[in-house]
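Asks: build the 3D model from these lines:
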Amino acid sequence: MRKDSSKPQVSGRIVLAATILGSGMAFIDGTVVNVALPALQNAFRASLADVQWVVEAYALMLAALLLVGGSLGDIFGRRRVYVFGVAVFAAASAWCGVARNIDMLIWARSIQGLGAAFLVPGSLALITASFPENARGHAIGTWSGFSSITAAIGPVIGGWLIEHSTWRWVFFLNLPLALIVILLCTRVPESRNENASHHLDWLGALLATLGLGGVTYALIEWPTHARHKGHLVIAAAGLGVLALVTFVAVEHWSRAPMVSLKLFRSRNFAGANLLTLFLYASLGGLMFFFPMDLIQIQHYTATQAGAAFLPLIAIMFGLSRWAGGLVARYGSRLPLTVGPFIAACGIALFAVVPQSSSYWATFFPAVVVMGLGMATSVAPLTTTVMNAVPESESGLASGINNAVSRLAALLAVAVFGAILVTVFNHSLDRRLAQLALDPEVRAQVDAARPQLASAYNPDPRVQHAITMSFLSGYRAVIWIATGLAVLGGIAARLLIESGAPSPAERG
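Replies: A predicted model of the protein is given here:
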């Protein structure tokens, strides 16, 4: 049983304010950066691979070190590690804001991800330590609700800053928030788990980082560097796969594994995490490429693009309480099968909507349907994960599921990017062949290929070819995202036990 070294007697409002603002920074940053990607492409003349790394450098460090960050809080003090994560995140945000080239921005984003790995698990840990059991559920619900609001308004504020000032303010915005969080935390007492093992799985963390990094590098760099750096890309892929295989072996034999493989013996836990992998890969890929379509193809402003997903957040927030009761009423299998299928229908609508029409007639229905599917899935998914393991391991189970969702988005951006570039190049070659361009013009077009839809050519025929080729690649990845959501529903249907309550139990 977990025992804390102190029993905090602090105002719950201060703890909630500190955790909501701190985790809100990470949530906002995870969504608003996608809106900033077209501006980054224009500012640095960056390729798709470059802006993929802007997202992936952050996601890689967060996914690989999230569980280590939670363990460090239990051992060395939750408040201490949380404040450390906030400080690192803020310093890296300042570095992002002053970055003079895309490489500097990518390195800064990786440090930002490191800070987030200490910050994200610490928010819920502080709430758990600071509230008695009878008030903890309400506190977590308050944290979850306000976090959803910050995630919703973040892209809108970020889009407005990009449109009226500069993308750099997307990162500078974190600095005053971090200062407020650190000041609030001075009034939050320290707590730790006195029974926590002091043996940290650093080898597992290193292998996970190397493995995910190698595979991600290969997927991102292969479409554009296969001819010139093919041996390097293949070596990175091989090293990444070897590191991941070794990681599984190390976790199996470790005294204090970062990922307890025995939890996956539960069918519900394994099925819920497989569903998480499919569903969040689908969502992560869509969230990365959709702002590019809105801004570069549909010519939305950054503010409009940031607001495009507001209906989804509103639906998930409004239906969260209703969705939370679905497992008690129908069991886990039904909502976790139906929800992903509804989400798949919404994602498919993104691929079939007409171009150059109003938001309300095109993307709004798609966002609403996808929102209904996600709302039906998310709360039952969390409940299923937590119910699948003993209460003593609920924290670890939650951390693993959170890490799986981050891993899903990490891999989706890399894989979807490779597919989009491949389809884009094939389509552009076919369309340019029909135009019979001068060799000099063709060379200019080929040089701008890595920029995809942000590439500009004064010849309207060439520009149309670039636009249509991007849409071909974009629709291909949307259909794959649709398929992944369907696979999530199938995984739930096959692996998750129904556990449906009887009519008497439903009351």
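
Asks: show me where the stretch 151-300 of the chain has its strands.
Replies: Applying DSSP state E, counting those that start in this stretch to the stretch 151-300 of the chain gives no strands.

Asks: can you pull out the helices in it?
Replies: 169-172, 174-185, 202-253, 267-292 (DSSP state H, counting those that start in this stretch).

Asks: just these: most buried one?
Replies: Most buried of those, by mean neighbour count (mean count of other Cβ atoms under 10 Å): helix 267-292, with a mean of 24. The way it works is simple: take the backbone N, C-alpha and C, and place the C-beta from them, glycine included.

Asks: what is the helix or strand that that helix is followed by packed up against?
Replies: Toward the C-terminus, helix 267-292 is succeeded by helix 302-307 as the next helix or strand (DSSP states H and E). The elements that helix 302-307 packs onto, with contact taken as 3 or more Cβ pairs under 8 Å, 6 or more residues apart in numbering; DSSP states H and E, are helix 12-44, helix 133-164.

Asks: what comes up buried for whichever helix or strand comes after helix 302-307?
Replies: Next along the chain after helix 302-307, taking DSSP H and E as the criterion, comes helix 310-324. Using 16 or more other Cβ atoms under 10 Å as the test for burial, helix 310-324 gives Pro311, Leu312, Ile313, Ala314, Ile315, Met316, Phe317, Leu319, Ser320, Ala323.

Asks: so what pLDDT did the spatially most distant residue from the centre of the chain get?
Replies: Most distant residue from the mean C-alpha position of the chain: Asp438, 43.3 Å away (Cα atoms, centre = their mean). If you check Asp438, the pLDDT there is 85.

Asks: now it: how far from Ser47?
Replies: Using Cβ to Cβ, to the nearest Å, Asp438 is found at 24 Å from Ser47.

Asks: helix/strand/coil for Asn457?
Replies: Per DSSP: H, G, I helix; E, B strand; the rest coil, the local secondary structure of Asn457 is coil.

Asks: got the contact list for it?
Replies: Going by Cβ atoms under 8 Å, 6 or more residues apart in numbering, Asn457 touches Val441, Gln444, Val445, Ala448, Gln463, Ile466.

Asks: mind listing what's buried along the helix or strand harbouring Val441?
Replies: Using DSSP H and E, Val441 sits within helix 439-448. Neighbour counts over helix 439-448 (16+ other Cβ under 10 Å) mark Gln444, Val445, Ala448 as buried.

Asks: what does stretch 388-407 give?
Replies: In terms of neighbour count (16+ other Cβ under 10 Å), stretch 388-407 has its buried residues at 388-389, 393, 395-407.

Asks: what about that stretch, average pLDDT?
Replies: Across stretch 388-407, pLDDT averages out at 78.

Asks: what is the neighbour count of Ser472?
Replies: Using other Cβ atoms under 10 Å, Ser472 has 17 neighbouring residues.

Asks: what helix or strand does it sit in?
Replies: helix 460-495.

Asks: could you tell me the angle between that helix and helix 439-448?
Replies: Angle, helix 460-495 to helix 439-448, by axes from the mean of the first three to the mean of the last three Cα atoms, to 10 degrees: 30 degrees.

Asks: and the angle from helix 460-495 to helix 267-292?
Replies: 170 degrees.

Asks: now do helix 460-495, average pLDDT.
Replies: In this model, helix 460-495 has a mean pLDDT of 94.

Asks: helices or strands next to that helix in the packing?
Replies: Contacts defined by 3+ Cβ pairs under 8 Å, 6+ apart place helix 460-495 against helix 267-292, helix 333-352, helix 394-433, helix 439-448.

Asks: out of the ones you listed, nearest to Ser377?
Replies: Closest to Ser377 of those, according to Cβ to Cβ: helix 333-352, at 3.2 Å.

Asks: which other helices and strands does the helix or strand following the closest one contact?
Replies: Using DSSP H and E, the helix or strand that follows helix 333-352 towards the C-terminus is helix 363-387. For helix 363-387, the packing partners by 3+ Cβ pairs under 8 Å, 6+ apart come out as helix 267-292, helix 310-324, helix 326-330, helix 333-352, helix 394-433.

Asks: the third one: which residues count as buried?
Replies: If I follow you right, that is helix 326-330. Across helix 326-330, burial judged by 16+ other Cβ under 10 Å covers Leu326, Val327, Tyr330.

Asks: what is the nearest of the residues you listed to Thr31?
Replies: Leu326 (25.8 Å).

Asks: domains in the protein, by residue range?
Replies: Domain assignment for the chain by automatic domain parsing gives 8-190, 201-255, 265-507.

Asks: give the rounded mean pLDDT of the shortest one.
Replies: If I follow you right, that is domain 201-255. pLDDT averaged over domain 201-255 gives 83.

Asks: what does stretch 347-354 give?
Replies: Averaged over stretch 347-354, pLDDT sits at 90.

Asks: buried sites along it?
Replies: Applying 16+ other Cβ under 10 Å to stretch 347-354 flags Ile347, Ala348, Leu349, Phe350, Ala351 as buried.

Asks: export these to JSON lines and tack on distance to Phe416?
Replies: Output for those, formatted as JSON lines (distance: Cβ to Cβ, whole Å):
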{"residue": "Ile347", "distance to Phe416": "12"}
{"residue": "Ala348", "distance to Phe416": "15"}
{"residue": "Leu349", "distance to Phe416": "18"}
{"residue": "Phe350", "distance to Phe416": "13"}
{"residue": "Ala351", "distance to Phe416": "13"}
